[in-house]
Each structure stands twice: as C-alpha cells, then as structure tokens.
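Colleague: Sequence plus predicted model, see below.
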Amino acid sequence: LEIIHGNSDDVKVRGKFDVIVSELFGNDALGERTIKSFVHLRNRFLKPGGTLIPQATELMIAPLEAAALYAREIDVWNGCVHGVGLSSIRPFAVSHVHPGRFDPDQLLSPAAAIGTLDLARATSLHFSGSAVTTIHRDGIAHGLCGCFVTTLAGDIRMGNVPGDSSTTNFAQAFFPFDQPVPVAAGDEVSISIDSHDGHIARWRVAISR
C-alpha cells in the first residue's frame, strides 16, 4: 500500500488503475465539486473497462418544515447587534445552501427524484433536474430538503434520505425559501434545481393549490 498525500490534479503516478474508489460528496451530493473531480479521476486514472465506485447518484428533493433551522440561519438576519441592522445580509443567507439534519416527519411530501448523475459517463459540469410532488399534510414550507441515494456497485446503495439514512452519516442540504409558505394537503409543488461545478446553485419552486 502506497499513500500519496496530494491533490489528484497534481499527483504523478505511472499507468492507470482497474478500480477507483472515491468519497467526494457534500450534503447534496454536488457541493464539493463532485462532477469535476469524478470526471478528472475517471479520465486520468481509470483503465478502459475499469470500475468506478460509486457508479451513480440519484438526487432527491422534498418540501420541508424546518422552523428552528430557518430562524437560526435566515431570520436571525432580521435583527440588530449593538444598534447595527443586519437585514442587508439576509438575501445572501437565503441564497445559500445550508446543512441540516431532518426527521422524516419534517418532510411535507415524500422525497422525489430530480435526476441521476451517472459518474461513469458524465462530461458536463452542469447538472439540472426537476420534479413534481404533492403535499401530504398541512404545514409551513420553509424550503427544500436535498438528499441522495448513491449506487456504489451492483445493488449496494447508500443514502441520506430522512428516515432511511442509516447507511451513512451525511447530513441533508437545506435550500431555503425567501419567505415561509403555508401549504395544504393536496397542493402540487413543482421544483427545479440547477448546479454548476458544485458551487453555483439555483432552485425554483412553484406551489399550486
């Protein structure tokens, strides 16, 4: 076993390899420049016909009730500290993806798949996906819960979907709304998410009664 301490962009090794095993996920599976890193590793180091672990990741999304997290991360910027108003910072906070750990009863609908990232074939650094889901109970939607299910090899999978995350210690991702939105059972929620290179993200949501 040879341990090489360095960035994979810079290290020099001879030849290519039969298997690459990598852990490059953030809480939303894209937040640590996942696509760029996997494409680079695969193209530079993997033999033709070699095995990449993990192989693919299915990204999941659901509207979420998270009053305490919203108060701590978003509404905290409505206040003042030593007479200085903080409201100018709130737009940055509400446009940022925050980590969180959510219980399944906080989800206002079942988590829906918004797209699958095929790590063995991906070439573009841009990911986009969409889903339509139905609210299953009355509540207040504070944002979206982003999570994932990853196929390591064959039928071996791991994920961080609330209520089914015992195979990993990853938190989930919180995509906040500009303002909390009251929702009712039966409401239809259309969600689209775009991400570029893991550090630029846009989420758009439409709720229909």
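Modeller: Sure, I can see it.
Colleague: The least confident helix or strand in the chain by mean pLDDT - contacts with which helices or strands?
Modeller: The weakest-scoring helix or strand in the chain, judged by mean pLDDT, DSSP states H and E, is helix 34-45 (a mean of 85). Counting contacts by 3 or more C-beta pairs under 8 Å, 6 or more residues apart in numbering; DSSP states H and E, helix 34-45 packs against strand 17-21, strand 46-53. The C-beta positions use only the backbone N, C-alpha and C, and glycine is treated the same way.
Colleague: Moving along the chain from the longest strand seen in the chain, name the first helix or strand you hit.
Modeller: As assigned by DSSP state E, the longest strand anywhere in the chain is strand 139-153. For strand 139-153, the succeeding helix or strand toward the C-terminus, using DSSP states H and E, is strand 156-159.
Colleague: what are the pairing partners of that next one, and which direction each?
Modeller: strand 139-153 (antiparallel) (DSSP bridges).
Colleague: gap between the strand it pairs with and the chain center?
Modeller: How far strand 139-153 lies from its chain's middle: 7 Å, per C-alpha atoms, centre = their mean, to the nearest Å.
Colleague: Tell me what angle that strand forms with strand 46-53.
Modeller: Interaxial angle, strand 139-153 versus strand 46-53 (axes from the mean of the first three to the mean of the last three C-alpha atoms, to 10 degrees): 130 degrees.
Colleague: which of the residues in strand 139-153 are buried?
Modeller: For strand 139-153, the neighbour count (16 or more other C-beta atoms under 10 Å) marks 139-151 as buried.
Colleague: you'd agree residue 34 is up against residue 22?
Modeller: No - taking contacts as C-beta atoms under 8 Å, residue 34 lies outside contact range of residue 22: 9.2 Å.
Colleague: between the two, who's got more neighbours?
Modeller: Neighbour tally, residue 34 and residue 22, criterion other C-beta atoms under 10 Å: the higher count belongs to residue 34, 24 against 15.
Colleague: re the thing from before, ok and the least confident helix or strand of the chain relative to strand 46-53, angle-wise?
Modeller: 140 degrees.
Colleague: got the buried residues for helix 34-45?
Modeller: Using 16+ other C-beta under 10 Å as the test for burial, helix 34-45 gives 34, 35, 36, 37, 38, 39, 41, 42, 45.
Colleague: Adding distance to residue 123, mean neighbour count and mean pLDDT, write the helices and strands packed on helix 34-45 out as JSON lines.
Modeller: Converted to JSON lines, the helices and strands packed on helix 34-45 look like this (distance: least, C-beta to C-beta, whole Å; neighbours: other C-beta atoms under 10 Å; pLDDT from 0 to 100):
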{"stretch": "strand 17-21", "distance to residue 123": "17", "mean neighbour count": "13", "mean pLDDT": "91"}
{"stretch": "strand 46-53", "distance to residue 123": "14", "mean neighbour count": "13", "mean pLDDT": "91"}
